[in-house]
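Chemist: predicted structure and sequence below. I'll ask about it afterward.
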Amino acid sequence: MFQYPRAVRALARSSLKGNSRLIAVRGLASIDAYEDYGKHVFTGSVADSYLKKHGQSGDILKDPSWTKNHSDVVAAAVLDWAVDNGANTYCHWFQPMASSGVRHGQSGQVQNMMMKFDRDTNDVVFDFKGKDLVKGETDGSSYPNGGLRGTHCAGGYLVVDTSSPIFLRGDTIFVPSAFVSYYGHALDEKTPLLRANAAINTEAKRLLKHLGLDTGVNDVVTNIGLEQEIFLVPRDQYYRRPDLQLSGRTIIGKNAPRGQEMCDHYMAPLSSATPALACMQEIQEECWKLGIPLKTRHREVAPGQFEFAPLFGTNTTQIDQNMMVMQIIEEVAPRHGLAALLQEKPFNDINGSGKHNNWSISTTDGIQCLLPKAINAATGNAHAFPVIMAAVVAALDEHGDLLRMSISCPGNDFRLGACEAPPAIVSTYLGEDMTSYLESLKDGKDPGEYIPGVKTLDLGVSEILPFEVPAEDRNRTSPFPYGGARFEFRAVGSSQNVSMVNTVLNTIAAEKFAQFSDRIDAGEKPLDIAIEALNKHWRVIFNGDNYDESNQDMLTERGVWRIDSAVEAIHRLSAEKNINLFEKMNVMSKQECESREIVLHDHYTGSVELEALTLIDMINQHVIPSVKAAGVGPLSDLQETVKTIQDAVSEIHSTEGTFEKAKLARVLRLETMVDIREVCDAAEGVVPANLWTLATYKELLFMDSHVGPGLEEVYEE
């Protein structure tokens, strides 16, 4: 029976007092309940109040030079804030490569107490200075590096990232940091992103000036909003699944009689009869203290699947916050008797999970560069928006291979193109309204300023007045649809650190902005350049159904980038055009590109190997014994599968080269292990339930149907 943990009992018990029927686990009717929002992040009014005690204000944090000019002041203020909130420890918090699916929290850190110990007096005093805050050093020898450093060259250096605020959790201060080798090579996810941010800032400001807007002291930044999908499953059943525990997905498992075919889970009420709602509430509350505006929560399409979504913000801050959101989700779930699954495809034949990356460009004083009315007004140029849009379309068409590379985490192989996520064909949806406008422009018919259309819906009843909606419907089948002021990269995987995704987006846009500006400097007109770009790259615009296989074939024939294999997509990192791109924009060197490819291929192969070895154990320790006990099932076939897997793993080990190993791993995973799964699932289908020792899909996915006794009985004193 499902066991309710103490935290859930406490929440529900408080609601049950004086109420025989549980209406909701809790209700918040006053803004006072949110007075702790942002209390544990050193920015805004929190930072300002502590810095003023030391003769400064929060304004100094807006200039990165504080790390040289005011580091001792900031460190003193951070120490005061830490002590007031019960913290006595700090760490430089960084993001090693290839962490998704295997490293808890996807971060690295060494936690040090902010104290010194006097050996003579045996006294303990707080001690935290500017030099401690702004830089750290650690052993970089055991992190993935792809050959960027030798075993005997172990220095790893941590430098504070001033674009993302310091935060506090528990007794520890976390200082977001970049992680580089002794020679300055990026060993992390963050450093290339910061370089890409610098590139798009420089080149976007330059292009905007050509279009009529001098941004002056204001920078250009990219903002993102990250929708996080997850599964929540009963933890006692999770412990009965070695594959979920070790790999994050069910490697075998027969479908339950019921799946998502009734469309009954999507946005259904969050039931207080299970721990899911209380778990989601606690996750939100922990995030609010860190200044993470996790506003939205709801059920997703698949049974047991849920989603959180925050407000948008600058990319480095949003990515750092998303790392903490994922960690908090994994840590809060067990308190409620649940396990959180962040992997892209935990279950077969139902939807997997994504992390939609909503990407926009704006100036730091709030001018939206992808919003027609805003950017045209700011530049005083009716053609500013189509020029920018033409640059983005051209960038997408030229470098769709890099966008595909950026989403090539192991779990996404099972998700892309399965009528739950866009296919691995990188096109963009602009909607018929904008497409028609740009088509007129590219054909030499100047339609003037683009004004997005609207239409009115009249339901024909007096109780509901006619109302306006956008002229365009949503297109959830497109990997990169325009959504009004932003593009939504829908193909991103749920477990990913999206730094590489946004590194690519910013780099390819920056390069295209630079090319437009170079030609304008040489005397060409911006609109002429945009028209030429639209004519050359029009093939990447597609407003139809991307799930339709005939449309996929048509886009492939057009020459739109299509790379079905994650392994092949990762290999594009070392393509000459892409190395030239990253080097030209000062984002990654040739050595950094090649090493990152090695790291990603190793990560893919390692993920497959641990799945394969887990499958061997499950067959030997669970499936075969169950079949023998029942006296039914494909026993001889099962025994043969073990050797098949062992031979495939041995072949990977004996093969030279990370790319070649990864190609073999992909075959093992997507062909051999898929066939073996059918044998195991056939066994599950005939073995009596009382002899089957692994948790079934029915037990894992349908929490609403497995709640045991009523809450009043469960939560009684």
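Modeler: That came in fine, so what should we check first?
Chemist: which secondary structure element contains Glu611?
Modeler: If you go by DSSP states H and E, Glu611 is part of helix 590-618.
Chemist: I'd like to know which elements the helix or strand just after that helix is packed against.
Modeler: Toward the C-terminus, helix 590-618 is succeeded by helix 624-630 as the next helix or strand (DSSP H and E). Under the contact criterion of 3 or more C-beta pairs under 8 Å, 6 or more residues apart in numbering; DSSP states H and E, helix 624-630 touches helix 635-654, helix 673-686. No exception for glycine: its C-beta is placed from N, CA and C like everyone else's.
Chemist: would you mark the buried spots in the helix holding Glu611?
Modeler: For helix 590-618, the neighbour count (16 or more other C-beta atoms under 10 Å) marks 592-609, 611-612, 614-616, 618 as buried.
Chemist: mean neighbour count, the helices and strands packed on helix 624-630: which tops it?
Modeler: helix 673-686 (a mean of 17; mean count of other C-beta atoms under 10 Å).
Chemist: can you show me the helices along the stretch 251-400 of the chain?
Modeler: 276-289, 315-332, 372-379, 384-398, 400-406 (DSSP state H, counting those that start in this stretch).
Chemist: for the stretch 51-200 of the chain, that is, sorry about that
Modeler: Using DSSP H, counting those that start in this stretch, the helices of the stretch 51-200 of the chain run over 66-69, 71-84, 130-134, 190-211.
Chemist: what mean pLDDT does the third one have?
Modeler: Translated: helix 130-134. Helix 130-134 carries an average pLDDT of 97.
Chemist: phi first, then psi, for the nearest residue to Gln95 once chain neighbours are set aside.
Modeler: Spatially, and ignoring its direct neighbours in sequence, Gln95 is nearest to Glu189 (4.3 Å; C-beta to C-beta, 6 or more residues apart in numbering). Phi and psi for Glu189, reported as degrees, to the nearest 10, are phi -80, psi -30.
Chemist: where does pLDDT dip in the stretch 51-200 of the chain?
Modeler: 151 (pLDDT under 70).
Chemist: packing partners for the helix or strand hosting Asn578?
Modeler: Here Asn578 sits within helix 576-584, counting by DSSP H and E. Other helices and strands packing on helix 576-584, by 3+ C-beta pairs under 8 Å, 6+ apart, are helix 400-406, helix 499-521, helix 590-618.
Chemist: for it, buried residues please.
Modeler: Buried residues in helix 576-584 (16+ other C-beta under 10 Å): 578-579, 581-582.
Chemist: burial count for the closest residue in space to Thr379 that isn't next to it in sequence?
Modeler: With sequence-adjacent residues excluded and distances taken as C-beta to C-beta, 6+ apart, Thr379 is closest to Gly212, at 3.7 Å. As a burial measure, Gly212 scores 15 neighbours (other C-beta atoms under 10 Å).
Chemist: distance check, Gly212 against Ile251.
Modeler: 57 Å (C-beta to C-beta, to the nearest Å).
Chemist: mind putting the helices and strands packed on helix 576-584 into JSON lines with mean pLDDT and distance to Ser181?
Modeler: Shown next, in JSON lines, are the helices and strands packed on helix 576-584 (pLDDT from 0 to 100; distance: least, C-beta to C-beta, whole Å):
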{"stretch": "helix 400-406", "mean pLDDT": "97", "distance to Ser181": "23"}
{"stretch": "helix 499-521", "mean pLDDT": "98", "distance to Ser181": "18"}
{"stretch": "helix 590-618", "mean pLDDT": "97", "distance to Ser181": "10"}
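Chemist: just send those helices back as a markdown table, with distance to Gly55 too.
Modeler: Listed next are those as a markdown table, based on distance: least, C-beta to C-beta, whole Å:
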| stretch | distance to Gly55 |
| --- | --- |
| helix 400-406 | 45 |
| helix 499-521 | 36 |
| helix 590-618 | 41 |
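Chemist: quick one: closest of those helices to Ala566.
Modeler: Evaluated over the helices and strands packed on helix 576-584, closeness to Ala566 peaks at helix 590-618, with 6.5 Å, by C-beta to C-beta.
Chemist: mind putting the helices of the stretch 251-400 of the chain into TSV with mean neighbour count and distance to Asp433?
Modeler: Listed next are those as TSV, based on neighbours: other C-beta atoms under 10 Å; distance: least, C-beta to C-beta, whole Å:
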stretch	mean neighbour count	distance to Asp433
helix 276-289	21	36
helix 315-332	22	28
helix 372-379	20	11
helix 384-398	25	13
helix 400-406	25	24
